[in-house]
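*Asks:* Dropping the sequence and predicted coords here.
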Amino acid sequence: EAQVTQNPRYLITVTGKKLTVTCSQNMNHEYMSWYRQDPGLGLRQIYYSMNVEVTDKGDVPEGYKVSRKEKRNFPLILESPSPNQTSLYFCASSLRETNQPQHFGDGTRLSIL
Amino acid sequence: DQQVKQNSPSLSVQEGRISILNCDYTNSMFDYFLWYKKYPAEGPTFLISISSIKDKNEDGRFTVFLNKSAKHLSLHIVPSQPGDSAVYFCAASGRSTNAGKSTFGDGTTLTVKP
């Protein structure tokens, strides 16, 4: 089954404790992206990757890091999480670029205390 | 500056009637537009898209219309069904610049009443 898998689905943690949200896709997609969704707002793009070893900033990259060492994986790293990063996070992938429909994971709800 | 706007946070329609969801954009460099549907506790799923070289795209009960001069697109659902109740996001991207960037609207919550 074609899917984008995020882990964990839920996490409560404390300020400053490094965390990583993993994202994996099994569709051999070149493009992957991370978004955050806050109440009443749409999805805001954090980082995206056009292919292995190619990453670029979205609209809200501050406080986040990503890496794309393999095609299937695109982890999101919060080196020193802060309460304003409490949000619902989605990973997505598409065949190529954003002109192709993106497939989304089911989301990761992060609470930073 | 919000480049993609969905000005109606919510819309309620009767089953069987038409649902019209609207989206406005400001960036004339956008050349591809997509609609996604989102149920609670799930990720968004792709619904329908349109390229800027077209003004209409149809897929079953779903039709998207694009008015480039007005920088406006709309999603029509006919007939509406209770299972269509969800949050609908409009998204835009531009191939010519920043092909990897994707901009979403804030979403419209559609409720279809039986």
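*Replies:* Ah, there it is.

*Asks:* What is the burial count for residue 89?
*Replies:* Defaulting to chain A. Neighbour count for residue A:89, taken as other CB atoms under 10 Å in any protein chain shown: 23. (C-beta placed from N, C-alpha, C; glycine too.)

*Asks:* actually chain B
*Replies:* If you count neighbours by other CB under 10 Å, residue B:89 ends up with 24.

*Asks:* check contacts around the residue nearest to residue A:3 when sequence neighbours are not counted.
*Replies:* Closest residue to residue A:3 apart from its sequence neighbours, by CB to CB, 6 or more residues apart in numbering or on different chains: residue A:26 at 6.2 Å. Applying CB atoms under 8 Å, 6 or more residues apart in numbering or on different chains to residue A:26 gives the contacts A:2, A:3, A:5, A:72.

*Asks:* Of the residues you listed, grab the buried ones for PyMOL.
*Replies:* Applying 16 or more other CB atoms under 10 Å in any protein chain shown to these, the buried members can be selected in PyMOL as follows:
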select buried, chain A and resi 72
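
*Asks:* Can you list phi and psi of the closest residue to chain B within chain A for me?
*Replies:* Relative to chain B, the nearest point of chain A is residue A:104 (3.1 Å; CB to the nearest CB). Dihedral angles of residue A:104 (phi, psi; degrees, to the nearest 10) stand at phi -110, psi 150.

*Asks:* Which strand residues bridge the residue nearest the centre of chain A?
*Replies:* Most central in chain A under CA atoms, centre = their mean is residue A:34, positioned 3.1 Å from the mean C-alpha point. Beta-bridge pairing for residue A:34 (DSSP bridges): residue A:47, residue A:91.

*Asks:* How about the secondary structure of whatever residue of chain B ends up closest to chain A?
*Replies:* With CB to the nearest CB, the shortest gap between chain B and chain A falls at residue B:43, namely 3.1 Å. Under DSSP: H, G, I helix; E, B strand; the rest coil, residue B:43 falls in the coil class.

*Asks:* so how many other residues sit close to the spatially closest residue to it that is not a sequence neighbour?
*Replies:* In this structure, residue B:43 finds its nearest non-sequential neighbour in residue A:104, 3.1 Å apart by CB to CB, 6+ apart. Residue A:104: 24 surrounding residues under other CB under 10 Å.
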